Every structure is written in structure tokens, then in C-alpha cells.
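Q: quick check, what structure comes out for this input:
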Amino acid sequence: MEENIITVKHISKSFKIAKREAGLKNAIKSFFKRKYQVINSLEDINFSIKEGEIVGYIGPNGAGKSTTIKIMAGILVPTSGECIVNGYVPWKDRKKYVKNIGVVFGQRSGLWWDVPPIDSFELLKDIYEIPQAEYEKKLSELKEYLNLDDILNIPTRQLSLGQRMRCEIASALLHNPKVLFLDEPTIGLDAVSKLALRKCIKQINEKTKITIILTTHDMQDIEALTKRIILIGKGKILYDGSLKRIKNKYNGNKKINIKFKYTNKKIKLQNADVIEQTEETASVVLKNKEELMANILNEITNQVELVDMNIEEMSTDDIIAKLYNELKI
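A: Take a look at the predicted model:
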């Protein structure tokens, strides 16, 4: 039976931030007497992850995803609660702990910009004190998994974004970590590069059994790589389970895309959710599968002058958006 490699129990994190009202007078006052506001970023977070799992950690901006990842990576110390990753408390004894994790941030580079990736890899070998034979073996594996042979000797600044991301992932895996944190790994990539990177990540997980925590706003990443998602909103865990279960819940639901004559009136429907609206278009999702389409259209035409419409199956993005709407996050 697979054991839990990550255990998070009752983690909370609060930040104390300075607060002042606008105006020169208030700015001067703040020099002598500051007012503070406490922001609760995480509230009683609990979950566990088994060795070899790929878990999608998702939620809207400001939900608390990055704060959780930074706590698990040992960058932040929680206000309260416990976190054990591969037998370590992340923010304690960090030198030993970081040898067991890899971190890739899609919008930040862990490679030295003006030198080829292979030079960065050599430096990381010394930082992590990787034996030469072990380093060469791991590098050979990563070259095969990530197709790196033709790009390792090109300065990082000259690589395409897709090529750089493959090298970023390789750099995070050189020391053979047990856990890999991927934060928006496909952000900014073109469709072909996204497909290639997803394939590489999946192959690495299957062959090395590394545990991967993936945070992303791209639901195609989630669909391609994970079976389980943890949904966070307003600092709280709102759902922890299979993506399949969520999709089955809404399977067969339809999305109605409508176009109407200009109006600044907000469409309100009793039997459907308006998940997106502009002054001339809207996307509507039925609240349940049994609801008659005719009833919905009747509600719509009573409020706006319809110009055009089409009906389509709900995508994973639509399903997650509807879930956000239902959970009011």
C-alpha cells in the first residue's frame, strides 16, 4: 500500500499588513502610528498525498494556492498547523529538506540567463553535492525524457520558452527529488509546446514515481496530467477528490452561448447560471440536466432581444467555472 509522502494538518497562515487611508495627512500620521490589518490567507487546510501521485491544486487568483506551495516548499512558516513532506518539516532543517524537493515556477527562471543550461546543471551538481557518476546517469535520463540534446549548449536567453521550460524541469530533477512542485509550467507556451511538455511530465512521473503537485489555471493541464484535484477558495479546501467525479456530476449539461442586441441589463435566470456576460453576449449553463431548454430560452427572450445562439457540451473549464459559481468563490 502506498504511503503518504505529504501530510498537511490544520495549516493556517495570516499576514499582518500596514493599512492607512489616502491623503498626505494620513501618510504623515502613518510614520508615527501605524495601523495594521490581519489577512487570513489559509484557514485550517488539511490533505494528504500519496507517493507517486500527480495532484492538481487549483483555485482562482488569491485563493491561497501559492501560500500553500510556499509552506510545503519551506519558504513560508505557517501561523499554525503541521506539515510533513517526505519525513521533514519543510521550514526546519531546510538544507536537508531541499535536497528532497524540486520546484519549477513558470514565470521565474532557476537557470542562469547568460550561460548555457549545461553550465547551470554543473553548478547545481556542486550545490547539491551530487556524485559525478550519479549526475551523469541522471542527466542522460533527463536528456531522453525531455529531448535536451540539441539545446543544452545554447545560452538560456536564446532558448524559446518551451525549450527553457524543459531545461527548468531538468534542473529541478537533477538531484533526484521525491517531490516536484510545478507552478504554472505551461504558462505562455504555444499549443505544440504545451502538448510536448505535458507528455514529458507524465512520462517522468510514470518512470520515476515522483510525486507531483501541479498548480495551474489551464484546465487542459489538469485534464491531461491529473486524476485528483484539490480545489481551494478563500483560503479553505472546498473539494478534494477525482476530476472524473466532478465531470460526471455535470456530464450531459449544456452550455448555451447567446448573442443579443446591446443592453447593460444583467440577465437573471431561475433555472440556469449565467457564467459570463458582456453587453451583447452571454454564456448560460443549466442548473440541472432535466431542465427543459425551452424554459431557459423563454426566460432569456423575456429579458433581451435574441440575435443568435448555439449550444455546446460543457468543457472542463466550464465545469470548474460552474463549480466556482456554486461554491461562491
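Q: the nearest residue to Asp190 once chain neighbours are set aside - how many residues pack around it?
A: Counting by CB to CB, 6 or more residues apart in numbering, Asp190 lies nearest to Gly162, which is 7.1 Å off, once chain neighbours are set aside. Backbone N, C-alpha and C define where each C-beta goes, glycine included. Gly162 has 17 neighbouring residues, counting by other CB atoms under 10 Å.
Q: how close does Gly162 sit to Leu214?
A: Distance, Gly162 to Leu214, by CB to CB, to the nearest Å: 17 Å.
Q: all helices for this protein, in order.
A: 24-32, 65-72, 94-97, 117-127, 132-146, 161-173, 191-208, 219-225, 243-250, 293-301, 316-327 (DSSP state H).
Q: nearest to Ile11, of these?
A: Nearest to Ile11 among those is helix 65-72 (6.4 Å), distances taken as CB to CB.
Q: what mean pLDDT does that closest one get?
A: Helix 65-72 carries an average pLDDT of 92.
Q: just to check, Ile258 is in contact with Ile311?
A: No. At 9.8 Å, Ile258 does not count as touching Ile311 under the criterion of CB atoms under 8 Å.
Q: quick check: Val115 touching Thr156?
A: Yes. Because the distance of 6.8 Å satisfies CB under 8 Å, Val115 is recorded as touching Thr156.
Q: ok, the two, which is more surrounded?
A: Thr156 (20 against 14).
Q: for the more buried one, which non-adjacent residue is spatially closest?
A: Once flanking residues are discounted, Thr156 sits nearest to Leu111: 4.7 Å by CB to CB, 6+ apart.
Q: follow-up on the earlier one: between Ile258 and Ile311, which one's more packed in?
A: Ile258 (23 against 11).
Q: which residues touch the more buried one?
A: Residues in contact with Ile258 (CB atoms under 8 Å, 6 or more residues apart in numbering) are 281-284, 300, 304, 306, 308-309.
Q: for Gln277, see how far away it is.
A: Distance, Ile258 to Gln277, by CB to CB: 9 Å.
Q: any residues in contact with both of those two?
A: With CB under 8 Å, 6+ apart, Ile258 and Gln277 have common neighbours Ser283.
Q: so what's the closest residue to Asn147 other than its chain neighbours up against?
A: Leaving aside its chain neighbours, Asn147 sits nearest to Arg166 (7.0 Å; criterion: CB to CB, 6+ apart). Shown in contact with Arg166 (CB under 8 Å, 6+ apart): 146-148, 151, 197, 200.
Q: and those, which are buried?
A: Listed as buried from the contacts of Arg166 are 146, 148, 151, 197, 200; burial here means 16 or more other CB atoms under 10 Å.
Q: nearest to Glu43, of these?
A: The closest of those to Glu43 turns out to be Leu197 (CB to CB; 33.4 Å).
Q: my read: the closest one touches Thr186, true?
A: Yes. Leu197 lies in contact with Thr186 (CB under 8 Å); the separation is 5.8 Å.
Q: quickly list what's touching both of those two.
A: With CB under 8 Å, 6+ apart, Leu197 and Thr186 have common neighbours Met165.
Q: quick one, what contacts the residue nearest to Gln203 when sequence neighbours are not counted?
A: Residue nearest to Gln203 in three dimensions, not counting chain neighbours: Tyr145, with 5.7 Å by CB to CB, 6+ apart. By CB under 8 Å, 6+ apart, the residues touching Tyr145 are 200, 203-204, 207.
Q: please pull out the lowest mean pLDDT helix or strand from this protein.
A: Across the helices and strands of the chain, mean pLDDT, DSSP states H and E gives its lowest value to helix 24-32, namely a mean of 67.
Q: buried subset of the contacts of Tyr145?
A: 200, 204.
Q: between the contacts of Tyr145, which is nearest Lys265?
A: Nearest to Lys265 among the contacts of Tyr145, with distances taken as CB to CB, is Cys200, at 48.4 Å.
Q: can you pull the contacts of that closest one?
A: Neighbours of Cys200 in contact, by CB under 8 Å, 6+ apart: 145-147, 166, 169.
Q: got those residues as TSV, with distance to Phe105 columns?
A: Below are the contacts of Cys200 laid out as TSV (distance: CB to CB, whole Å):
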residue	distance to Phe105
Tyr145	20
Leu146	17
Asn147	22
Arg166	15
Ile169	11
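Q: closest to Ser41 out of those residues?
A: Using CB to CB, those come closest to Ser41 at Ile169, 27.5 Å.
Q: chain neighbours aside, what residue packs nearest to the closest one?
A: Nearest non-adjacent residue to Ile169 (CB to CB, 6+ apart): Val104, at 5.6 Å.
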